[in-house]
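# Pasted the sequence and its predicted model underneath.
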Amino acid sequence: MNRHLISAGDLTRDDALLILDTADELAQISDRPIKKLPTLRGRTVVNLFFEDSTRTRISFEAAAKRLSADVINFSAKGSSVAKGESLKDTALTLEAMGADAVIVRHSASGAPQRLSGWVRGTVVNAGDGSHEHPTQALLDSFTIRRHFGRSASSRSASSRAAGAGPGDGALDGLRVTIVGDVLHSRVARSNVLLLHTLGAEVTLVAPPTLLPVAVGSWPCSVSYDFDAALPKSDVVMMLRVQQERMNAAYFPSVREYSRRYGLDAARMAQLPDQAIVMHPGPMNRGVEIAAEVADSARSTIVEQVANGVSVRMAVLYLLLGGAEGDS
Amino acid sequence: MPAVNPAPGHPELASGPTPAPAQTPAPVGDPPPAGDPPSAGSPAPTGRKVVLEPEEIRRALTRIAHEILERTEGGAGVVLLGIPTRGVPLARRLAERIEQVEGRPMPHGSLDITMYRDDLRLRPARALGPTEVPAGGIDGAIVVLVDDVLYSGRTVRAALDALNDLGRPRAVQLAVLIDRGHRELPVRPDYVGKNLPTSKQEVVRVMLAEVDGEDAVLLGRADSGGPE
């Protein structure tokens, strides 16, 4: 595995499965009276958030604390960044404080990549612009894997011993439909890359205005017709309409968007029986997802948040827990 | 068969009447002195010798099962926890024997100690093993830790820390199939299958049918010219 986690595309199938299997074991910790492991004692993890975030920052903070790391939270508001400090100067400050890992969220795509060249510690991308959000993709795959009985705990010992193949805990053959504002979504890009690595078949559904120009080169298929994709989906992943990133009119009205690309109860009824509904949060209830769908038994939205802590623990352990400089 | 390439001719050794050295290409051996549980990628022993045959392993486990029952006055309140990888099937086998004798279920499970190791920073991060504690938990129980080889004692130290986070047992005991000596911590086993005097250059490899396809305990010399 690489020393940094910048892109879901950097993960090999084996890397991804190692992270997911590790997360499976770590998920048990949250059921224990003492939710703590001594593994990262004495290591410092800095949460460097230049953009607002609640669940991702709290999730990383909980993950690092459960592994006994020291956590320093840094948010751009109220820091020297508000006084005009550059990313590089901030990075050098963190370097001087001896950060072993920097969890970075930034509105500029590529900021974590730049940062990784300036600090000695491990850099984990917690969302950069409309580029990538690899730990969200990992927790989504983790959630899918659990729902379709492909996690390590639900596999037999024999299939685990057999190693690679359909029994190795990957998502081979599962059909995942990702719907909505793909253009502005770092979650969509990371998910397409990781789901493809894990063998799932991904279909993007969005209005043409909300698809990136280069989507033809992504390892997935593209459709403009949500209703046609529904019966062929094991997983439907709804994306938030990111109005804060929209500087132009991408669709005529919210109501029209909702009618064509929103998931309501009638559309949910067209899904196969075993299908699940996912959303990376935060949701715009009534826009891309109806409240009754978000609160239905098929929705994994709350579970995704809980799984986020386990997956981020696994990432921090695998990146920081071993010897430095290993490959 | 994962990670292990049993020597050609080994099956006949396993069933044969006398142990004989197997002059064969080396399988993956026990780890270097830093830790005791076997793992892949460690030096391979050459000129291995079978020190326990399947029948002897079976007898040793039966004896340990009876000793556990004797020492704990019938095994009431006992929970067997195997340390992955090979402590887990050993704990299961001990539980089966005790159940045969006592006619009631013997709680058993596994306890992964990876996150509690003291040598985590010396080697790349490794995959975790399963931790499965029986439904009753371990509070107030007599926990018997089960492992294949007792060496430095560092694994047991880590296991005691791990137990501490799971609950508060009334007592903790230790059962090992092989005690090879060279302790680095004040740790002593309560139940031993076989005391095996070794030099630090030697490698002890426990093979179990559940993991390796066959039962055997092999003693070899670490291949100094090997990888790692």
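The structure has been received and is ready for your questions.
# contacts and neighbour counts: CA atoms only from here.
Fine.
# show me the contacts for residue A:7.
Taking C-alpha atoms under 8 Å, 6 or more residues apart in numbering or on different chains as the contact definition, residue A:7 lies against A:125, A:132, A:133, A:134, A:190.
# What is the longest helix belonging to chain B packed up against?
Criterion DSSP state H: the longest helix present in chain B is helix B:54-71. Helix B:54-71 sits against helix B:87-102, strand B:171-179, strand B:191-195, with contacts defined as 3 or more C-alpha pairs under 8 Å, 6 or more residues apart in numbering or on different chains; DSSP states H and E.
# The longest one vs helix B:54-71, what angle?
In terms of direction (axes from the mean of the first three to the mean of the last three C-alpha atoms, to 10 degrees), helix B:87-102 departs from helix B:54-71 by 60 degrees.
# got a list of contacts for whichever helix or strand comes after helix B:87-102?
Next helix or strand after helix B:87-102 toward the C-terminus (DSSP states H and E): strand B:108-110. With C-alpha under 8 Å, 6+ apart as the test, strand B:108-110 has contacts from B:79-84, B:87-88, B:91-92, B:95, B:130-134.
# at 6 Å instead, please
B:79, B:80, B:81, B:82, B:83, B:88, B:131, B:132, B:133, B:134 (C-alpha atoms under 6 Å, 6 or more residues apart in numbering or on different chains).
# next one: stretch A:72-85
Under C-alpha under 6 Å, 6+ apart, the answer for stretch A:72-85 is A:46, A:47, A:48, A:49, A:50.
# Check which residues of that stretch are buried.
Within stretch A:72-85, the residues that count as buried by 16 or more other C-alpha atoms under 10 Å in any protein chain shown are A:74, A:75, A:76.
# Redo the contacts of residue A:7 as TSV? Include pLDDT.
Shown next, in TSV, are the contacts of residue A:7 (pLDDT from 0 to 100):
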residue	pLDDT
A:125	98
A:132	97
A:133	97
A:134	98
A:190	98
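# who wins for neighbours among these?
Ranked by neighbour count under the definition other C-alpha atoms under 10 Å in any protein chain shown, those are headed by residue A:134 with 29 neighbours.
# State the number of residues packed around residue B:186.
9.
# Please apply the same query to residue A:286.
Residue A:286, neighbours per other C-alpha under 10 Å, totals 18.
# helix, strand or coil for residue A:317?
helix (DSSP: H, G, I helix; E, B strand; the rest coil).
# dump the residue contacts of the most centrally placed residue in chain A.
For chain A, the residue sitting closest to the mean C-alpha position, by C-alpha atoms, centre = their mean, is residue A:136 at 0.8 Å. Residues near residue A:136 by C-alpha under 6 Å, 6+ apart: none.
# Return the residues in contact with residue A:3.
Residue A:3 is in contact with residue A:122, counting by C-alpha under 6 Å, 6+ apart.
# so it sits in a strand?
No - assignment of residue A:3 by three-state DSSP gives coil, placing it outside any strand.
# okay, it: pLDDT?
Residue A:3 carries a pLDDT score of 91 in this model.
# cool, residue A:153 as well?
At residue A:153, the pLDDT value in this model is 56.
# likewise residue A:312?
Looking at residue A:312, its pLDDT stands at 98.
# try residue A:29
pLDDT, residue A:29: 87.
# and if you look at residue B:122?
Reading off the confidence values, residue B:122 has pLDDT 90.
# burial measure for the closest residue to residue A:131 other than its chain neighbours, as a count.
Spatial nearest neighbour of residue A:131, excluding adjacent residues (C-alpha to C-alpha, 6 or more residues apart in numbering or on different chains): residue A:186 at 4.7 Å. The number of residues packed around residue A:186, counting by other C-alpha under 10 Å, is 22.
# element containing the residue most central in space within chain B, please.
Centroid-nearest residue in chain B, with C-alpha atoms, centre = their mean: residue B:148, separated by 1.2 Å. Assessed by DSSP H and E, residue B:148 sits inside strand B:142-150.
# Residue B:163 now?
helix B:154-166.
# Now find how far off-centre that helix is within its chain.
Relative to its chain's centre, helix B:154-166 lies at 15 Å (C-alpha atoms, centre = their mean, to the nearest Å).
# so what pLDDT did residue A:79 get?
Residue A:79 carries a pLDDT value of 70.
# Please read the previous query as pertaining to residue A:98.
Per-residue pLDDT puts residue A:98 at 89.
# give me every residue that touches the residue nearest to it when sequence neighbours are not counted.
Once flanking residues are discounted, residue A:98 sits nearest to residue A:44: 7.2 Å by C-alpha to C-alpha, 6+ apart. Contacts for residue A:44 (C-alpha under 6 Å, 6+ apart) come out as A:69, A:70, A:71, A:99, A:100.
# again, only using 10 Å
Contacts for residue A:44 (C-alpha atoms under 10 Å, 6 or more residues apart in numbering or on different chains) come out as A:64, A:68-72, A:97-102, A:121.
# Pull up the gap between residue A:129 and residue B:217, please.
57 Å (C-alpha to C-alpha, to the nearest Å).
# Same question for residue B:70.
Remark: distance between residue B:70 and residue B:217 (C-alpha to C-alpha) = 26 Å.
# And for residue A:287?
From residue A:287 to residue B:217 the distance is 65 Å (C-alpha to C-alpha).
# Ok, residue B:173 next?
23 Å.
# The two: which is more packed in?
Each of residue B:173 and residue B:217 has its neighbours counted (other C-alpha under 10 Å); residue B:217 has more, 23 against 16.
# which residues does that one contact?
By C-alpha under 10 Å, 6+ apart, the contact list for residue B:217 reads B:14, B:48-54, B:56-57, B:148-149, B:177-178, B:204-208.
# Pull up the pairing partners for the host helix or strand of residue B:203, direction included.
Here residue B:203, judged by DSSP H and E, is contained in strand B:202-207. Strand B:202-207 pairs in its sheet with strand B:216-222 (antiparallel), by DSSP bridges.
# Need the mean per-residue confidence for the strand it pairs with.
Strand B:216-222 comes out at a mean pLDDT of 91.
# Quick one: distance of that strand to the chain centre.
14 Å.
# near chain A, which residues of chain B?
Residues of chain B that fall close to chain A, judged by C-alpha under 10 Å from any C-alpha of the partner chain: B:1-2, B:112, B:114-132, B:161-162, B:164-167, B:210-211.
# Would you list the buried entries among those residues?
B:112, B:114-117, B:120, B:124-132, B:161-162, B:165-167, B:211.
# In strands, which of the residues you listed fall?
Counting by DSSP state E, no part of these is found in strands.
# Report the helix or strand with the lowest average pLDDT across the chain.
Picking chain A for this. Of all helical and strand segments in chain A, the minimum by mean pLDDT, DSSP states H and E falls on helix A:157-161, at a mean of 42.
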